[in-house]
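Enquirer: any chance you could fold what I've pasted below:
(one chain, ligands or ions: 2)
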Amino acid sequence: MLRIDCIPAFDDNYIWALHTAPGRVALVDPGDAEPVIAYLERTGLTPEAILITHHHGDHTGGVAELVARWPVAVYGPARKRFGDLNRPVREGERLALGSDLLFEVLDTPGHTRDHVCYVGAGVLFCGDTLFTAGCGRLFEGSPEQMHASLEKLRALPDDTLVYCAHEYTLANLTFARVAEPANAAIEARQQAAQRARAAGEATVPSTLGLEKQTNPFLRSHIPALREAAERFAAEPLPNGAAVFGAVRRWKDALD
Ligand code: ZN
Ligand code: FE
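Expert: Residues are numbered from 1 along each chain as shown. Ligands and ions are numbered 1, 2, ... in the order given. All right, here's what the predicted structure looks like:
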């Protein structure tokens, strides 16, 4: 059974520590070294590798300090290099971690041009591309790019565990209810997420199956959402990418 520990950082980031072998972990998006070092010292674990999804500082800010102490492989998108990335990865590439874990790289531009996701062992590390009940803002990419990236993730099996990099579930569900008020699964998820947050629990990971039912950014093909997006855009939306783009603009306008 795969074990993944959560290391909270900043206000709402999650750094993931994937157990790759006895006593060893791979760190995903260590934006801050301090909580990671505290975690490693507390547990006695040793880092084996660092996986980076994109260049933003809240995902990479701890890398330099960590590799100065543990000179490990730093995997990250080949498209945009940043200091300390020593294993550039591309779409379709596979990386072996520990003795028996294999992760595949998915190129997922949109939030940034360089964003990649890592999928393997039933787990998806999706950084700021797919969020629980939401998706990353389009800082660099086009709606078409982000829609294509999210469609790539939507094609993964329903039981895939979604490990994104932020705790944004409640805010995202508030918008999801506006976008799809008749979707009972969104209402049920909102109640469950409110209970979890009130108890101080993370709402990440979720499953891709739940995301497909409740995440408006994976539902451009659903007629009710398309109609709502067309009302917001005040024009017909000819395809999934256009629906996605309108839903993203709609949420941006309410944030
Ligand atoms: Zn980001
Ligand atoms: Fe981020």
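
Enquirer: quick one: the strands in the stretch 51-200 of the chain, in order.
Expert: Under the criterion DSSP state E, counting those that start in this stretch, the stretch 51-200 of the chain contains strands at 73-77, 87-89, 94-97, 101-107, 116-120, 123-127, 130-131, 134-135, 161-164.

Enquirer: of all the ones you listed, which one is nearest ligand 2?
Expert: strand 123-127 (7.0 Å; CB to the ion). (Glycine included, C-beta is placed from N, CA and C.)

Enquirer: got the contact list for that closest one?
Expert: With contacts defined as CB atoms under 8 Å, 6 or more residues apart in numbering, strand 123-127 is touched by 2, 4, 16, 18, 28-29, 51, 53-54, 59, 103, 108, 111, 115-119, 130, 136, 153, 156, 160-165, 205, 208.

Enquirer: just the buried residues from those, in ChimeraX please.
Expert: ChimeraX command restricting the contacts of strand 123-127 to the buried ones, with burial defined by 16 or more other CB atoms under 10 Å:
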select :4,16,18,28,29,51,53,54,59,103,108,111,115,116,117,118,119,130,136,153,156,160,161,162,163,164,165,205,208
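
Enquirer: low pLDDT regions in the stretch 1-150 of the chain?
Expert: For the stretch 1-150 of the chain, no stretch has pLDDT under 70.

Enquirer: residue 112 is in contact with residue 137, correct?
Expert: No - the criterion here is CB atoms under 8 Å, and residue 137 misses it with residue 112 at 9.9 Å.

Enquirer: with neighbour numbers in mind, choose between those two.
Expert: residue 112 (25 against 15; other CB atoms under 10 Å).
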